[in-house]
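J.: Sequence and predicted structure are below.
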Amino acid sequence: MSWGEVALEENSGHIDFDKYEVTERYSTYKWDSWLGKKFTKEKIISNVSNNHIIVLDKNVKKILNKVKQGQVVRIMGYLATVDTSLGVTWGPSSMTRTDEGSRASEIILADKIIIMP
């Protein structure tokens, strides 16, 4: 997920998300030299993140399932930690915009999702 200037259509196409590691909850990404000339590494990192979205409401789930790559969405909810009945814990959610690597993703319990026009 990206936002701000980095998320603009002319910029977001220059970011390549290339890996998803389920056990560590992270994705790696790289950007090409065009984007690197336009923004600092810090700006890009603070405007891109790997997110895990949890929904409990079936209507919110329907909206989430309609979201397509490149669409602008507004997600309202809470950062979460998940403890399963099997003793598996996901979390805690990242609480900063500048972290990287394993465990830097956000876990969002979404109670409302709006696909923007």
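T.: Ah, there it is.
J.: so how far is the lengthiest helix in the chain from its chain's centroid?
T.: Longest helix of the chain, by residue count under DSSP state H: helix 58-66. What separates the centre of helix 58-66 from the centre of its chain is 17 Å, taken as CA atoms, centre = their mean, to the nearest Å.
J.: Output the contacting helices and strands for that helix.
T.: In terms of contacts (3 or more CB pairs under 8 Å, 6 or more residues apart in numbering; DSSP states H and E), helix 58-66 is packed against strand 51-55, strand 106-115. Where C-beta positions appear, they are placed from N, C-alpha and C, glycine not excepted.
J.: so where's this protein uncertain?
T.: Flagging of the chain using pLDDT under 70 yields the residue ranges 18-27.
J.: before we move on, the earlier item: Val67: which of the helices and strands packed on helix 58-66 is closest?
T.: Using CB to CB as the measure, strand 106-115 is the one of the helices and strands packed on helix 58-66 that comes nearest Val67, at 6.2 Å.
J.: That closest one pairs with which strands?
T.: Strand 106-115 pairs in its sheet with strand 51-55 (parallel), strand 73-79 (antiparallel), by DSSP bridges.
J.: quick one: contacts of the first one?
T.: Translated: strand 51-55. Contact with strand 51-55 is made by 1, 25, 61, 64, 75, 80, 82, 90, 105-110, 113, as judged by CB atoms under 8 Å, 6 or more residues apart in numbering.
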